[in-house]
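>>> make a model of this:
(3 chains)
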Amino acid sequence: MSATPFRPSAADFAPATNRSARDAQLRPSLSYWQDAWQRLRRNTRAVASLAVVVLFVLFAVAGPWLWRADPAAQDVNQISRGPGPALAARIVEPYAAWAGVTVPALPDGGPTTPVDLRLADAPTTEAVRLQWEPGQGAAGYRVYRNLYDPSPDRALGLPLAEIFDPKRVSFEDRFDLHPERYWYSVVALNAKGDETHDYAGLVVQPELATSAADAASFGWIADATAVRVGDVVALPYHPLGTDYLGRDMLARLMYGARVSLFIGFVAPFLFVLLGIVYGSAAGFTGGRVDQLLMRFADFVLALPFLLFMILFKIAFGIGPGESGIAPMLIALVLLSWPSTARLVRGQVLQIRGEGYVGASRLLGARTGYLVLRHMIPNTFGVILVTLTFEVPRAIFTEAFLSFIGMGVAPPTASWGSMSNEGIKTMLAHPHELLLPALFISVTVLALNLLGDGLRDALDVRMRGRE
Amino acid sequence: MSRAAARQLLVLGAACVAAFALLLAVLSWAASATGGGAAVGHAVDVAAGTITTSIRYEPPNLDSTRATDATSFMVLTHVIEGLLRYDVAGNVVPGVAERWDIRPDGATFWLRADSVWSDGKPVTAHDFVFAWRTIVDPATASQYAFILYAVKNGAAINRGDLPRDRLGVHAVDDRTLEVEFENPIAYFDKLVTAQTYLPVREDFYRGREGRYAADVGDLLYNGPFLLTRWVHGASLKFEKNPSYWNRDAVRLNAVDLAYLTRDAVARLNLFQDGRIVDVDYLPGEALSQVLQQRWPLGRFDDGSAWFIETNMRPERVTRNVHLRRALLLANDPNELVFKVLKTPSYTPAASLFPAYIKGEHGLFRQEHPPPIVRMDLAAARAELDLAKEDLGMTEIPPLVLVADNSPASVSHTEYLQEHLRRTLGLTIKIDRQEFRQRLAKQEAGEFDITLASWGPDYDDPLTFADLFASWNLNNHARYASTELDAQVRIAQQSVDPHARFAAFAEVQRLLLEDAVIIPAYDRGVLYVQDPRLRGVGRRAVGGTPDYTTAYLVATP
Amino acid sequence: MFGYVLKRLAQGLVTIWFIATATFVAMHAVPGDPLSGEKITNAEIRANVAARYGLDRPILEQYGIYMGAMLRGDFGISYTQQNRRVNDIIRENFPVSATLGVLALAFATFGGILFGALTAIYRNRLPDTVIMFLVIVGISVPSFVLAALAQLGLVTLNSAVGRSLLPVAGWGTVWHMLVPALVLGLSTMAYLTRLMRSSMLEITSSDFVRTARAKGLPPTRIFLKHQLRNAILPVVTVLGPQVALITTGGFVVELVFAIPGLGRYYVEAVQQLDYTVIMGTTVFYGAFLVLMVIAVDIVYGFIDPRVAVE
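Next up is the predicted model:
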């Protein structure tokens, strides 16, 4: 504070001019919503969050027009592939069954272990054909495959087959082949069916291959006659990889966004609205009506969600082939409103006792005005927090229903059902879990920050602070 | 901040910490009170001869007269012994009966003297008579009563036409059991190994007043192990039975089933942490973890056959044989198993009868190969055109596929939906249902095609062959073929193995020619097991896993 | 006060009766029945089984019989666990869920109030940002993902140190429940944090706090006596139903951590359409919830004198 004492002069006593214009310059007259919007705009976190939410809605609505992959199409040659560059496959003859190799007799001498494990044919992802020389005295063989070197601790890996005929010295592997390195092992079995300790091993890296007819039926090439054996064709490109059935992750995330955001936005919006109306009615009216309304809310709160979920599925005729989003939405709305109603009622009861409400009432305000002007705006903070929490909760309810196998019907995707599928392959193919989980998290984060911003913007007591 | 305020905060913080410590102490007491003393041991204790493992489900019913599920059978295999049992290689060996004689019209079992119940009284022929009569008694409402229909008057008593004491089984004396057959039966020795044929002692059963087998103390034991702990929903424990007649052959002292969860990832985590000795029913998705950890993998057939059943009720389009054949010809079980389900223990199916089924001498599959159906899209499309012509339709309406919601079913049905769209241009509507609702829909015929499976009830191909007999309630397709019914009758009543297997081969042919079923896969089970544990019996029929023959070695 | 509680309890009984009736109607409206099993191969066996469980009687008669038994406190015998009484299932498994739930709630309430107050005090500063980020991570990961990740973390930790620091799954000691309780309570904690922060901010800008500050009360006193006490109101409202929800068990946590609680029974009973277990668990949960709601309303009166209990 300045130390100079204040000395009035004559000028201080001159009448002020154009008072209203000066006031308007200082602080423009703004409506409640304009004011809120202005304050929201100044909050960078909230604006960024709003942008993210809008972006995700665009991703869901417009995305499928830009990225035209079919979310249900299964690319069985590229199952559970991580994000990465496009692959190309060599065209080979159509797969034909292999008769295998049988030797007329077993050798008299030599080791029991099968020897000279080798390829009978060029290895492709269609089939890897192995053959070996029989072991003396073997009663059969067991064939293993590993992704890692089995030595030194004899970790042979996946048991692919048991062959009980010792003269049968070949095996055709078609199990889930990818263009990567495999360690094959063949072990002899003795008469009791036990394994001998030694094994014959071979390292194989199959080439990604397909037949012309398959390539045409999957739509990679227009015409099966246009390519010849030995040609290389490009496989469909999956920028974010594929899921456990070889479906394009990007397309599924887009279509999944439609389901998750629809459930996540529409359901909470509806039931929070219902809860506000119900709760403020109960809280404001009070007395017997309040009691009755709240007992009904308790009743609804205690209803078993799962059972009624199944019931809604049947009651609303959600038949085979439909996505099952509608009954989920109805069940969510009809069963989830009581917690919001209780919260709003509690707040209304609290505000009802505030001085300004009494003053307003004394000035002759009607009930509707009191509720709309005083009660609801003053509960906005709590309601917004509820809403920003109910959005992920709705998304998770849908995900939980997927977890117990009662979510959206296949092949409809949702972020929840995608993370549920992804968790099973969490260690092997983390992208199948991380991508949908990331989308859920970012959405929830954005909504929370936006909710905070809105809360601050709508709170009249925050005016002029920040 | 003032000093008073700081002191206030300090007091508040101390109060919080104290409250939390008190809470932990109370909860610690509560946890041990409700836990029943489980879930602390290591997977294997070689010196003590004990192992710890997990089970996937709570046993629903240990009352052998009413049990129908694999978990209960697994427990019963360990704690109660019937007339005959299986050894580790799957051969029928003596149990309570030391000798037996099976004739075309009946059988006699001579019981050993040293088989005793856990209260010290001997197991007598009367215990078998009581158990078997109780099963066919309509008031018991045993779902497995039909397994006793092999015994004379079993079906009539179960219908309520005859009193229960008219069942064709008698105790000649305490140690001789005489059985009369309804019809000649070729596989009674295998049938008797079923847990449904286990003995129940009458005075004990009646003494429990409807609570028989409800808890550890509500059951009598005569098997290799005693059930010494059963915390419902949590854990069970087997301990070696010191009065078992063949106690020297039992080498484990205790088996602690300390964890109950069907979550495969959780069980693998317990295995990795050295808490449990084995994990079965590994999902295909877990394999890369197993390979990375370098754990030895094993597999066995759980016996069940999985297939698509087509609905032949008159109001369904699938009544048209050409449409069904089109579906069959477009089917590629290899692609399904190798590329979609990706569980190496599953084998692509070729018939209703799984590949492991034994024939007259070797394997049934080799003696009577099923008609080979290979995927042939040109032929499938030709059949589809015929079907459209027959039905007078330009497009086949969407087909409803009813299935349950297990992970394998979800993958399977989603793949099938896409596969049939791509190959035949058919629209499939998947109707995914909970287990009970799926059964209700299958029974009511509310499907065009449905994913079904069948696991064997006893060790004879008949358990599969009579599935599509016109009288069987599990014939959801409502396939009614006099030809197939006749073959099933032959298999039921003949004792000539050659004629029986020829009849099974005919059943196999009819089901594929009429495209009643579209084979998918024979289910096998993958498991990991601590290399120090050996000799565990894992099989398709009867309780599995069977630890009665298991033993421990100090170093793998 | 006493009369009020009695009245509320009487109303609660009516609510429970409504719940029981609605559930009964709903579960019988769902196709299938608990006895449809794959192993019933002929019609005679089917009829025997239906007769034993009384499912062949008219639905109203079944309703009458069931309600009569329930009034005597007997929930009947489970259909899927054929020798177990539903009363025993609740008696044996609810304490497990409750034990775990109490710890989860302790984490949630303590953490929620503490973090909520902290974020409000340090609004838009570093502690606020850090805590809110953690909270959002807590609520934006589905519970089944969180449970699986937590367990994976435990296994990795144990194998890294070469011995079992904490058990991976199971039940029996307090060590078994630390991680599951944290997973179970995390979303409630996050919810309470947010709620607490929001209502704290509102209180901070209210007149009586300003007055208290103006008359020179120490900040701690303002915080404890004015802000905390008023801000805790919505937390109490939410906590009531949450207590019932959490202590009756979380299905995901119980499945993943192999905990023998009640939550698993409820979900599995619905899936298996086990009529008696569905009824028993629903009515039990309903009664618990109604009690908690009454408790909250009474506590409300104590915390906030403006809200009379009448």
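>>> can you show me the helices along the stretch 151-300 of chain B?
Assigned by DSSP state H, counting those that start in this stretch, the helices in the stretch 151-300 of chain B fall at B:154-159, B:188-192, B:202-207, B:264-272, B:287-293.
>>> the stretch 1-150 of chain A now?
Using DSSP H, counting those that start in this stretch, the helices of the stretch 1-150 of chain A run over A:19-26, A:32-42, A:44-61, A:63-66.
>>> in a markdown table: these, plus distance to chain B, mean pLDDT and mean neighbour count.
All C-beta spots, glycine's among them, are computed from the backbone N, C-alpha and C. Shown next, in a markdown table, are these (distance: least, CB to the nearest CB, whole Å; pLDDT from 0 to 100; neighbours: other CB atoms under 10 Å in any protein chain shown):
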| stretch | distance to chain B | mean pLDDT | mean neighbour count |
| --- | --- | --- | --- |
| helix A:19-26 | 38 | 52 | 9 |
| helix A:32-42 | 32 | 76 | 14 |
| helix A:44-61 | 22 | 85 | 16 |
| helix A:63-66 | 18 | 81 | 13 |
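>>> so for residue C:230, which of those helices sits nearest?
Closest approach to residue C:230 among the helices of the stretch 1-150 of chain A (CB to CB): helix A:32-42, 24.5 Å.
>>> before we move on, the earlier item: for residue C:74, find the nearest of the helices of the stretch 151-300 of chain B.
Among the helices of the stretch 151-300 of chain B, if distance is taken as CB to CB, the winner is helix B:202-207, at 22.2 Å.
>>> ranges for the strands of chain C?
Defined through DSSP state E, the strands belonging to chain C form an empty list.
>>> please apply the same query to the stretch 351-500 of chain B.
Using DSSP state E, counting those that start in this stretch, the strands of the stretch 351-500 of chain B run over B:399-404, B:428-433, B:449-454.
>>> spell out which parts of the stretch 201-310 of chain C neighbour chain B.
By CB under 8 Å from any CB of the partner chain, the residues of the stretch 201-310 of chain C that approach chain B are C:218-221, C:224, C:255-258, C:260-261, C:264-265, C:271-273.
>>> helices - which of those residues land there?
If you go by DSSP state H, those have C:219-221, C:255-256, C:264-265, C:271-272 in helices.
>>> closest to chain B among those?
The nearest member of these to chain B, counting by CB to the nearest CB, is residue C:220 at 3.3 Å.
>>> please look at the closest one and residue B:9 and confirm they touch.
Yes - applying CB atoms under 8 Å as the test, residue C:220 and residue B:9 come out as touching, 5.9 Å apart.
>>> so between those two, which is more surrounded?
residue C:220 (17 against 14; other CB atoms under 10 Å in any protein chain shown).
>>> assign residue A:201 to helix, strand or coil.
Under DSSP: H, G, I helix; E, B strand; the rest coil, residue A:201 falls in the strand class.
>>> got it, and residue B:507?
Criterion first, three-state DSSP; result for residue B:507: helix.
>>> and it, how many neighbours?
28.
>>> out of the helices of the stretch 151-300 of chain B, deepest packed?
Per residue and on average, the most neighbours among the helices of the stretch 151-300 of chain B fall to helix B:264-272, with a mean of 24 (mean count of other CB atoms under 10 Å in any protein chain shown).
>>> strands of the stretch 51-200 of chain B, start to end?
Using DSSP E, counting those that start in this stretch, the strands of the stretch 51-200 of chain B run over residues B:84-86, B:92-94, B:97-102, B:106-111, B:169-173, B:176-180.
>>> using a markdown table, lay out the ones you listed together with distance to chain C, mean pLDDT and mean neighbour count.
A markdown table is the format used below for the strands of the stretch 51-200 of chain B (distance: least, CB to the nearest CB, whole Å; pLDDT from 0 to 100; neighbours: other CB under 10 Å):
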| stretch | distance to chain C | mean pLDDT | mean neighbour count |
| --- | --- | --- | --- |
| strand B:84-86 | 21 | 90 | 22 |
| strand B:92-94 | 23 | 91 | 15 |
| strand B:97-102 | 24 | 92 | 16 |
| strand B:106-111 | 23 | 94 | 20 |
| strand B:169-173 | 19 | 93 | 16 |
| strand B:176-180 | 21 | 94 | 19 |
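>>> please enumerate the helices of the stretch 101-250 of chain C.
Counting by DSSP H, counting those that start in this stretch, the stretch 101-250 of chain C has these helices, from start to end: C:126-139, C:143-161, C:174-204, C:207-214, C:219-221, C:229-247.
>>> quick one: list the elements packing against the second one.
It stands for helix C:143-161. Helix C:143-161 sits against helix A:376-403, helix A:415-424, helix B:264-272, helix C:174-204, helix C:251-256, with contacts defined as 3 or more CB pairs under 8 Å, 6 or more residues apart in numbering or on different chains; DSSP states H and E.
>>> try it again with 7 Å
The elements that helix C:143-161 packs onto, with contact taken as 3 or more CB pairs under 7 Å, 6 or more residues apart in numbering or on different chains; DSSP states H and E, are helix A:415-424, helix B:264-272, helix C:174-204, helix C:251-256.
>>> any buried residues in the third one, and which?
Just to be clear, that refers to helix C:174-204. Residues of helix C:174-204 classed as buried by neighbour count (16 or more other CB atoms under 10 Å in any protein chain shown): C:174, C:176-204.
>>> what about residue 98, neighbour count?
Let's take chain A. 14.
>>> wrong one, I was asking about chain C
Applying other CB under 10 Å, we find 22 residues neighbouring residue C:98.
>>> in space, what's closest to it - neighbours in sequence excluded?
Counting by CB to CB, 6 or more residues apart in numbering or on different chains, residue C:247 is the residue found nearest to residue C:98 once chain neighbours are left out, at 4.5 Å.
>>> got any ranges where the chain has weak pLDDT?
This is for chain A. In the predicted model, chain A carries pLDDT under 70 at residues A:1-4, A:16-32, A:110, A:313-323, A:405, A:410, A:459-466.
>>> not quite, I wanted chain B
Those would be B:1-6, B:35-40, B:556, if you go by pLDDT under 70 across chain B.
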